[in-house]
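Undergrad: Generate a structure from the sequence data that follows.
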Amino acid sequence: MALENSEYAATVVGAHRIRADWTVVRLIGEFVPFAAGQSVRVRVPQHPNMVRRLYSALPPSLDGKLEFHVRTVPGGWCSPSIVTDTRVGDEWRVSAPEGWLAVEPDATDVVMLADGPGLAPMRSLILDLSRRAEPPTTHLFVGGRYPRDLYAADMLHLLSGELPWLTVVPVVQSEEDPDWVDDWYEASRVDIGFQPEEMMPGTLAEVIGRFGPLEHHQVLVCGNSAPVQNAVRTLVDNGTPVEAIRYEGF
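TA: Below is the predicted model of the structure:
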């Protein structure tokens, strides 16, 4: 049953710290009526009177599964607690879906640009597209400052292998990881992922700028404000129609 003010209850069943400043939170609870690519408002027990807007990395499901990729916001109140203090059994409140990241039903070619937590809605949309009889040809450009910032490399590598219509392009500003050790990254390392030669150097804006105008594509962009704004500016300057672009920044 829905809670007051159209809130829905969801219980944490997994909190996986994958970087010093990243965690993946999985929940199961009541069905939340949102669309793939939308964000939702969440309240967590560590800060019950504060709200944070997050994107689910899973499309809506009748069994109430949700997944959120949360990164610490410097100086933030809520995100550091989610990253460090979330525990199995915590009850979250979920409500107020909004946003307009969506793939049109008649789209045949889609380009997605994701920076940081902007990957979550793109993954949700890709999983939703996989349910279509004829999914559109989709290119996902996912950016990070360093190779280890590509926190979902294993998942993306597997998805691109399973879905013949999906191509994943990893983009890194620096081809070498920093010298300091991230113990959470070291503990979560797996053998599956992108090889150095598969990564394109540069920012998302620089890399997408090499492809010229995207005149016949639907373009979705999501992530941290500066990279998102730079990528959209580059797309428009290169001749991509403004009406073909949907973007959301943090």
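
Undergrad: can you tell me which residues contact Pro164?
TA: If you count contacts by Cβ atoms under 8 Å, 6 or more residues apart in numbering, Pro164 has none. Any C-beta I mention is one placed from the backbone N, CA and C, and that applies to glycine too.

Undergrad: what about it, which SS state?
TA: coil (DSSP: H, G, I helix; E, B strand; the rest coil).

Undergrad: gap between it and Leu113?
TA: 21 Å (Cβ to Cβ, to the nearest Å).

Undergrad: Report the buried residues of stretch 13-27.
TA: Buried positions in stretch 13-27, judged by neighbour count with 16 or more other Cβ atoms under 10 Å: 15, 17-19, 21-27.

Undergrad: Same check on stretch 197-215?
TA: 199-200, 203-209, 214.

Undergrad: and of those, the nearest to Asp63?
TA: Leu204 (34.1 Å; Cβ to Cβ).

Undergrad: Direction included, what does the longest strand belonging to the chain pair against?
TA: Of all the elements of type strand in the chain, the one with the most residues (DSSP state E) is strand 8-19. The pairing partners recorded for strand 8-19 under DSSP bridges are strand 22-29 (antiparallel), strand 91-98 (antiparallel).

Undergrad: so where do the strands sit in the protein?
TA: Going by DSSP E, the chain shows strands at 8-19, 22-29, 39-44, 47-55, 65-71, 91-98, 109-115, 137-144, 166-172, 200-201, 218-223, 245-249.

Undergrad: okay, the ones you listed in a markdown table with mean pLDDT and distance to Pro80 next?
TA: Formatted as a markdown table, the strands of the chain follow (pLDDT from 0 to 100; distance: least, Cβ to Cβ, whole Å):
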| stretch | mean pLDDT | distance to Pro80 |
| --- | --- | --- |
| strand 8-19 | 96 | 12 |
| strand 22-29 | 97 | 10 |
| strand 39-44 | 96 | 12 |
| strand 47-55 | 92 | 10 |
| strand 65-71 | 96 | 10 |
| strand 91-98 | 95 | 16 |
| strand 109-115 | 97 | 20 |
| strand 137-144 | 96 | 20 |
| strand 166-172 | 96 | 25 |
| strand 200-201 | 95 | 31 |
| strand 218-223 | 95 | 20 |
| strand 245-249 | 91 | 21 |
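
Undergrad: re earlier: mind putting the strands paired with strand 8-19 into a markdown table with distance to Ser56?
TA: Converted to a markdown table, the strands paired with strand 8-19 look like this (distance: least, Cβ to Cβ, whole Å):
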| stretch | distance to Ser56 |
| --- | --- |
| strand 22-29 | 9 |
| strand 91-98 | 9 |
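
Undergrad: Relative to Phe68, which of those strands is closest?
TA: Across those, closest to Phe68 is strand 22-29 (Cβ to Cβ), at 4.8 Å.

Undergrad: which one of the buried residues of stretch 197-215 sits closest to Ala96?
TA: Nearest to Ala96, judged by Cβ to Cβ, of the buried residues of stretch 197-215 is Leu204 at 28.5 Å.

Undergrad: Distance of that closest one relative to Gly249?
TA: 12 Å.

Undergrad: can I get the strands of the chain in a markdown table with distance to Met155?
TA: Formatted as a markdown table, those follow (distance: least, Cβ to Cβ, whole Å):
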| stretch | distance to Met155 |
| --- | --- |
| strand 8-19 | 11 |
| strand 22-29 | 10 |
| strand 39-44 | 20 |
| strand 47-55 | 15 |
| strand 65-71 | 10 |
| strand 91-98 | 22 |
| strand 109-115 | 13 |
| strand 137-144 | 11 |
| strand 166-172 | 10 |
| strand 200-201 | 19 |
| strand 218-223 | 17 |
| strand 245-249 | 21 |
